[in-house]
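[1] Model the structure of this input:
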Amino acid sequence: MSSGPVQSSWQFPRGAARAPRPLRTLDIDPNSADAKHGLTPLILAAMNGYEGIVKSLLEREDISPNTAERYGETPLLSAAAGGHEGIVKLLLEREDINPNAADSMVSQTPLEAAAQGGHEGVVKLLLERGDIDPNIRARFGRTPLMSATRGGYVRIVEMLLELGDINPNTRDTFGQTALVLATRGGHEGIVEMLLQREDTNPNTIDPYYGQTLLSAAAMNGYEGIVKLLLGREDIDPDAADTKYCRTPLLWAADRGYEGVVELLLGRGDVNTDTSDLNGKTAFELAASSGHTKVMELLSPPEPSLLIPTRHPLCLSYLPRWPSRSIP
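    Take a look at the predicted model:
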């Protein structure tokens, strides 16, 4: 996707905001493309934000507004990716425009490009059309909702969730949902919006990391998100990941996030003697990393059998002493 002014065999003057009047009547082929990039005058003008030239070209009866360049990028996609609202509006006013046309390189639609770039005004214009498809997937199987979520664009996420046909539980090629991406990115406002939906599963496992949302938030010290998740009755605070067999408390203790540790202990139903893959408890992890404040919140484990983590892939009942590595 182009990110700045692009030059080709078609040249527009620097700062060309308005097209010369004769452009509407010149005896030329406005759909001819350069040999190297396949760029037409309309694509080049849309890409560089030359609204006046776009308007003049669209007034010609022989213009083809859906003609794409070499990699399938249409004028609408170019304008949407660049956040050029005026040009997007001009193009969407035509009945012959295809608002869902995706490029051939990353399968990106105008809506996905605008959502990824955080162009709120462009997203609003596109969603006002009745024929826009908000669930088309781009590269890595990501939808516009996922792209907006990854960027932390709260208002765009809000607009997409207001659509009746949006699916917030769609997974990308890595198995991650919008809620997983929001949690990992620390976007508390988006997490809150998604959790307010009845069809959202707060115990979703991120298969790429094998963690619950609570573990991901605890591991990164996102206190606000941890608090949101713990406020739900259907959350499992002791669910362990599949790689290190660590619960949210173990991750928070190891990283020294005392605020998160306090939130978890405040529930009253979190097992403080749970061990990870190497047989270490939260107290031991905090001690080995020198997190004295976290150690003060926790109690040393009893010298007995460890409490197993709640995942079938985690080994359980490891002897406390001596500590040993697990092959």
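
[2] and the closest residue to residue 180 other than its chain neighbours, what pLDDT?
    In this structure, residue 180 finds its nearest non-sequential neighbour in residue 206, 4.7 Å apart by CB to CB, 6 or more residues apart in numbering. From N, CA and C alone the C-beta is placed, and that goes for glycine too. Looking at residue 206, its pLDDT is 84.

[3] thought residue 206 was touching residue 175?
    Yes. Using CB atoms under 8 Å, residue 206 is in contact with residue 175, at 7.1 Å.

[4] And the two? Which one has more around it.
    Neighbours per residue (other CB atoms under 10 Å) separate residue 206 from residue 175, with residue 206 holding more: 22 against 14.

[5] Enumerate every residue touching the more buried one.
    By CB atoms under 8 Å, 6 or more residues apart in numbering, the contact list for residue 206 reads 175-176, 180, 184, 212-213, 216.

[6] Kindly report the same for residue 91.
    So residue 91 contacts 46, 54, 58, 65, 75-76, 79, 97 (CB under 8 Å, 6+ apart).

[7] what does residue 221 give?
    252, 255, 257, 259-260.

[8] With residue 177 instead?
    Per CB under 8 Å, 6+ apart, neighbours of residue 177: 146, 168-171, 204.

[9] Give the next helix or strand downstream of the helix or strand of the chain with the lowest mean pLDDT.
    Sorting the helices and strands of the chain by mean pLDDT, DSSP states H and E puts strand 205-206 at the bottom, at a mean of 86. Remark: after strand 205-206, the chain's next helix or strand is strand 211-212, criterion DSSP states H and E.

[10] remind me which residues of this structure are low pLDDT?
    Filtered on pLDDT under 70, the chain yields the residue ranges 1-27, 301-327.

[11] The same query, at a cut-off of 80, please.
    Within the chain, the set of residues satisfying pLDDT under 80 comprises 1-30, 208-209, 299-327.

[12] in it, which residue is closest to the centre?
    Among the residues of the chain, residue 150 comes closest to the average C-alpha position under CA atoms, centre = their mean, at 2.4 Å.

[13] helix or strand for that residue, which one?
    Applying DSSP H and E, one finds residue 150 within helix 144-151.

[14] Need the CA coordinates for that helix. CSV is fine.
    Listed next in CSV are the C-alpha coordinates belonging to helix 144-151 (Å, rounded to 0.1, in the frame of the first residue of the first chain):
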residue,chain,number,x,y,z
PRO,A,144,-11.5,-4.3,9.7
LEU,A,145,-12.5,-4.8,13.4
MET,A,146,-9.3,-6.6,14.1
SER,A,147,-7.2,-3.9,12.4
ALA,A,148,-8.9,-1.1,14.2
THR,A,149,-8.5,-3.0,17.5
ARG,A,150,-4.7,-3.5,16.9
GLY,A,151,-4.3,0.2,16.3
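
[15] Flag every buried residue along stretch 257-266.
    Neighbour-count burial for stretch 257-266, counted by 16 or more other CB atoms under 10 Å, picks out 257-258, 260-261, 263-265.

[16] Now secondary structure and distance to residue 293 too, for these, in JSON lines please.
    Converted to JSON lines, these look like this (DSSP: H, G, I helix; E, B strand; the rest coil; distance: CB to CB, whole Å):
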{"residue": "257", "secondary structure": "coil", "distance to residue 293": "10"}
{"residue": "258", "secondary structure": "helix", "distance to residue 293": "5"}
{"residue": "260", "secondary structure": "helix", "distance to residue 293": "12"}
{"residue": "261", "secondary structure": "helix", "distance to residue 293": "9"}
{"residue": "263", "secondary structure": "helix", "distance to residue 293": "14"}
{"residue": "264", "secondary structure": "helix", "distance to residue 293": "15"}
{"residue": "265", "secondary structure": "helix", "distance to residue 293": "13"}
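
[17] okay, now the closest residue in space to residue 211 that isn't next to it in sequence: neighbour count?
    Spatial nearest neighbour of residue 211, chain neighbours left out: residue 241 (4.3 Å); criterion: CB to CB, 6+ apart. By other CB under 10 Å, 26 other residues sit near residue 241.

[18] before we move on, what about residue 173?
    Residues near residue 173, counting by other CB under 10 Å: 11.

[19] Tell me who's in contact with it.
    Contacts of residue 173 (CB under 8 Å, 6+ apart): 140-141.

[20] doesn't it fall inside a strand?
    No. Residue 173: not assigned to a strand; according to DSSP: H, G, I helix; E, B strand; the rest coil it is coil.

[21] Can you give me the buried ones in stretch 71-84?
    Neighbour-count burial for stretch 71-84 flags 72-84 (criterion: 16+ other CB under 10 Å).

[22] which ones among the residues you listed are found in helices?
    75-82 (DSSP state H).

[23] List the contacts of residue 185.
    Contacts of residue 185 (CB under 8 Å, 6+ apart): 149-150, 152.

[24] about what we covered before: what's the closest of the ones in helices among the buried residues of stretch 71-84 to residue 281?
    Residue 281 lies nearest to residue 81 out of these, by CB to CB, at 50.1 Å.
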